[in-house]
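S.K.: I'll drop the sequence and a predicted model, then ask my questions.
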2 protein chains.
Amino acid sequence: MKRVIISKFMAPEIIFGEGALDQIGESFLRLGANKVLVVSDPGVCDAGWVEQALTHLKSVDLPYATFFNVTMNPKDDEVHEGAKVYQEEECDAVLGIGGGSSLDVAKAIAIIVSNGGSIHQYEGVDHIRRPLPPIIAVSTTAGSGSEVSQFSVIVNAKDGNKMTIVSKSLIPDIAIIDPETLMTKDPALTASTGLDVLTHAIEAYVSIVATPLTDVQATNAIRLVASNLRPSVASQTNKEAKNNMAMASLQAGLAFSNAILGAVHAMSHAIGGRYSLSHGEVNAILLPYVMEYNLMARPDRFQDIATFMGKDIRNMTQIEAAKASVSLVRELIEDIQAPKKLSEIGFQDKDLTFMSEIALQDACMITNPRDLTVEEVKSLYMRAL
Amino acid sequence: MKRVIISKFMAPEIIFGEGALDQIGESFLRLGANKVLVVSDPGVCDAGWVEQALTHLKSVDLPYATFFNVTMNPKDDEVHEGAKVYQEEECDAVLGIGGGSSLDVAKAIAIIVSNGGSIHQYEGVDHIRRPLPPIIAVSTTAGSGSEVSQFSVIVNAKDGNKMTIVSKSLIPDIAIIDPETLMTKDPALTASTGLDVLTHAIEAYVSIVATPLTDVQATNAIRLVASNLRPSVASQTNKEAKNNMAMASLQAGLAFSNAILGAVHAMSHAIGGRYSLSHGEVNAILLPYVMEYNLMARPDRFQDIATFMGKDIRNMTQIEAAKASVSLVRELIEDIQAPKKLSEIGFQDKDLTFMSEIALQDACMITNPRDLTVEEVKSLYMRAL
């Protein structure tokens, strides 16, 4: 039989730039919306972005209902509660505005209102049968990439597990990214979400299903993070740096939505929901350890990463250059004073064997370039403790 | 008032790789098709690709009708004739299979069957009001980029003008690219379509509406053409080179569909339909002359192009490097023995002032980096004669 080697690539319509929020109203009209459920969280509301979004719905006379009870590492109950509001208010479209949590809940609500049942039924790849209502995703943190991705990650409140839901129908119809919204992030959030972007780009670049279409996005995202994350953390008003980090987030999102991720995300999902840890911080901490472990699977690709981060590798062997990529990431983490150990963010040596087993089951582990056993995952957790 | 600087980016779902043709049937089922109009031209039929596509429709029990009367530089009559077949046969989806001509006609048929009237009414930007039936585009020449673009170019049979129709709804639902289909192109067609890819990538890279999202695609396309077009012309069975040219075509298509084109395409549209010239050949001939003229508008970008084509520019001034990009393109054209003058392909010194006026009206001229007058366009035509 003929071997089939096929790359698939999908992206939403993207509207990127200063003032892009203004396009919300018109975009919903274009999608035929009559009443919009606006999904967000209290932090984004406080920053004033939700209010601004609502103005743009009002300006085109589009009625809306609101659901602002999204939390960090959002739970199944929040999804079902939001879906109830959607139905009671007779909405027919969803606007997610915020970081990954708000966007993931907006997508999950769209699943329930069109496919029924409970969100747990949709965990895994391609379990969504009926078309979703129109979704617009407005990303206000340069981080999650959820605005362009086919992922929604929701915590099972009962056992703390993060359920990864993967389906093409979760790619929003329109992604709106306005770099001005990044100005309201504090330095710590800028650092952790920025390192999350780097993690997306690096895991997508070394993924076993990476293609030239995802490589070009991942490559540029790594370059942009390497030269813009420090300035972006250093100043909340450095417009150029914020613009570039927003673009990096978008490109990393396009890369990982299509090339999927790896062991960092699998391991982060296993502990993040259970111990209410910041997704960006956990990723940032695990990233260099997992890179160190993975690099011998794809020294060529890790060598590339070193060059994307600005290293002159002409006098190095391939493996030296590959290892340099890890030092460069460590130096970046050091400079922006992001946490370096899981213990610093409140994670203690719990049942690591159990966590490692959970991590090995995660959908993101399938595309990791190097094989792992439970013992190896456990040893990575221990090094990062 | 706040200045709005916004980038927009759109792409179809992309299925790329050897054996990708197999996905045609399943893809139409996914889009809810009940009967498909298959649009192609006699050359593609002869190569056997249409027959293979039909097999994949049969294998999922999907009925179809056929319209194979597409010509090079396709005319309005062909569109109306195809639309009649679609309606008489009660189709509800369209498959375009072939080069740019077949795909552009497939898109234009989709416009007429859903929006009515004559294709002339839709010339220009955004004149399509009603949603189109599902379209799948299978590209069999690494060239046009029509499989991912929001363009359809149809010749007005009355005056020979090329009508450029631009609308997001012209982006196919799914683009299928199987590099195996490139194996049947002869060296001359491989050369001209390959140079067309280079023209797309270069015009998109220097376009006044280029963005980082289009730049990464254009950059990689230029790199791929620079290192794969010669081997691809040299051997019809060099699989790696064909694969890379197919990817270059796809990435150049994503770049220009979103960053639009420039003076080469505007000037090519003005004469191509009128004198039945090969679109790829005209572009290839005009490209170096237009580059020479444009480079002082964006020396930084033309310098980049020289590096993408492999030039070591460390000991050059910016303008020297920018000029080197033109020599590199000339060298490539020389090596693959593509025509270098319009007179070689049968175009004579007709009413060049009139052609120049037409070219200045073309939608592609708006995004050209350097301003042009009628006299300047005319002088470019004369140099290329």
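M.R.: Looks like it came in fine.

S.K.: only C-alpha atoms for contact and neighbour calcs from this point on.
M.R.: Will do.

S.K.: burial measure for whichever residue of the stretch 101-250 of chain A sits closest to chain B, as a count.
M.R.: Nearest residue of the stretch 101-250 of chain A to chain B, counting by Cα to the nearest Cα: A:Val216, 5.8 Å away. By other Cα atoms under 10 Å in any protein chain shown, the residues close to A:Val216 number 23.

S.K.: can you tell me which helix or strand it belongs to?
M.R.: Using DSSP states H and E, A:Val216 sits within helix A:212-234.

S.K.: what's the closest non-adjacent residue to A:Ile111?
M.R.: Nearest residue to A:Ile111, sequence neighbours excluded (Cα to Cα, 6 or more residues apart in numbering or on different chains): A:Leu132, at 6.2 Å.

S.K.: ok, which stretches of chain A are strands?
M.R.: A:5-9, A:13-18, A:36-39, A:64-67, A:93-98, A:124-125, A:135-139, A:151-155, A:162-166, A:174-177 (DSSP state E).

S.K.: Point out the most buried one among those.
M.R.: Of all the strands of chain A, strand A:135-139 has the most neighbours on average by mean count of other Cα atoms under 10 Å in any protein chain shown, namely a mean of 30.

S.K.: tell me what it is packed against?
M.R.: Counting by 3 or more Cα pairs under 8 Å, 6 or more residues apart in numbering or on different chains; DSSP states H and E, the packing neighbours recorded for strand A:135-139 are strand A:93-98, helix A:100-115, strand A:174-177.

S.K.: okay, these in a markdown table with distance to A:Gly17 next?
M.R.: Converted to a markdown table, those look like this (distance: least, Cα to Cα, whole Å):
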| stretch | distance to A:Gly17 |
| --- | --- |
| strand A:93-98 | 16 |
| helix A:100-115 | 19 |
| strand A:174-177 | 6 |
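
S.K.: chain center to stretch A:200-213, what's the gap?
M.R.: Put simply, stretch A:200-213 sits 14 Å off its chain's centre (Cα atoms, centre = their mean, to the nearest Å).

S.K.: follow-up on the earlier one: so what pLDDT did the residue nearest to A:Ile111 get?
M.R.: pLDDT, the model's per-residue confidence, is 93 for A:Leu132.

S.K.: How about the contacts made by it?
M.R.: Going by Cα atoms under 8 Å, 6 or more residues apart in numbering or on different chains, A:Leu132 touches A:110-111, A:114-115, A:169.

S.K.: rerun that using 7 Å as the cut-off
M.R.: A:110-111, A:114, A:169 (Cα atoms under 7 Å, 6 or more residues apart in numbering or on different chains).

S.K.: Would you point out the most distant pair within those?
M.R.: Taking every pair in those and measuring Cα to Cα, the maximum separation is 11.5 Å, between A:Ser114 and A:Ser169.

S.K.: residues in the stretch 101-250 of chain A within reach of chain B, list them.
M.R.: Residues of the stretch 101-250 of chain A lying near chain B by Cα under 7 Å from any Cα of the partner chain: A:216-217.

S.K.: Flag the shaky bits of the stretch 101-250 of chain A, pLDDT-wise.
M.R.: Within the stretch 101-250 of chain A, the stretches with pLDDT under 70 are A:142.

S.K.: Apart from its chain neighbours, what residue comes closest to A:Gly262?
M.R.: A:Asn368 (4.2 Å).

S.K.: and the one you found, what does it touch?
M.R.: A:207-208, A:261-263.

S.K.: cool, A:Val377 as well?
M.R.: If a contact means Cα under 7 Å, 6+ apart, then A:Val377 has A:Ser356 as its contacts.

S.K.: just A:Ile358 next, same as before
M.R.: Residues in contact with A:Ile358 (Cα under 7 Å, 6+ apart) are A:Ala270.

S.K.: And it, how close does it get to chain B?
M.R.: 32 Å (Cα to the nearest Cα, to the nearest Å).

S.K.: quick one: A:Val94 and A:Ile135 touch, right?
M.R.: Yes - with contact defined as Cα atoms under 7 Å, A:Val94 counts as touching A:Ile135 (4.9 Å).

S.K.: got a list of what the spatially most central residue of chain A touches?
M.R.: With distances taken as Cα atoms, centre = their mean, the residue of chain A nearest its centroid is A:Ser144 (2.6 Å). Taking Cα under 7 Å, 6+ apart, we find A:Ser144 in contact with A:99-100.

S.K.: related to what we said a few turns ago, tell me how far the residue nearest to A:Ile111 lies from B:Met291.
M.R.: According to Cα to Cα, to the nearest Å, A:Leu132 and B:Met291 sit 46 Å apart.

S.K.: again with A:Ser114
M.R.: Distance, A:Ser114 to B:Met291, by Cα to Cα: 52 Å.

S.K.: so what's A:Ala47 up against?
M.R.: Going by Cα under 7 Å, 6+ apart, A:Ala47 touches A:Thr184.

S.K.: And the pLDDT at it?
M.R.: Confidence score, pLDDT, at A:Ala47: 83.

S.K.: That one and A:Arg314: what is the separation?
M.R.: Taking Cα to Cα as the measure, A:Ala47 falls 47 Å from A:Arg314.

S.K.: same question, A:Lys340
M.R.: 30 Å.

S.K.: Comparing the two, which shows the higher neighbour count?
M.R.: Between A:Lys340 and A:Arg314, A:Lys340 has the larger neighbour count (other Cα under 10 Å), namely 20 against 9.

S.K.: Which parts of chain A are helices?
M.R.: In chain A, helices defined by DSSP state H lie at A:24-30, A:42-46, A:49-58, A:76-88, A:100-115, A:187-206, A:212-234, A:239-259, A:263-272, A:279-294, A:299-308, A:318-335, A:352-361, A:374-384, listed in chain order.

S.K.: what's the fourth one packed up against?
M.R.: Right, the one you point to is helix A:76-88. helix A:100-115 (3 or more Cα pairs under 7 Å, 6 or more residues apart in numbering or on different chains; DSSP states H and E).

S.K.: same thing with the longest one?
M.R.: Contact partners of helix A:212-234 among helices and strands, from 3+ Cα pairs under 7 Å, 6+ apart: helix A:187-206, helix A:239-259, helix A:299-308, helix B:212-234.

S.K.: can you list the residues that contact it?
M.R.: Contacts of helix A:212-234 (Cα under 7 Å, 6+ apart): A:187, A:190-191, A:194, A:198, A:201-202, A:204-205, A:238, A:241-242, A:244-245, A:248-249, A:251-252, A:254-255, A:258-259, A:308-309, A:336, B:216-217.

S.K.: The second one too?
M.R.: Helix A:42-46 has contacts (Cα under 7 Å, 6+ apart) with A:50-51, A:68, A:98.
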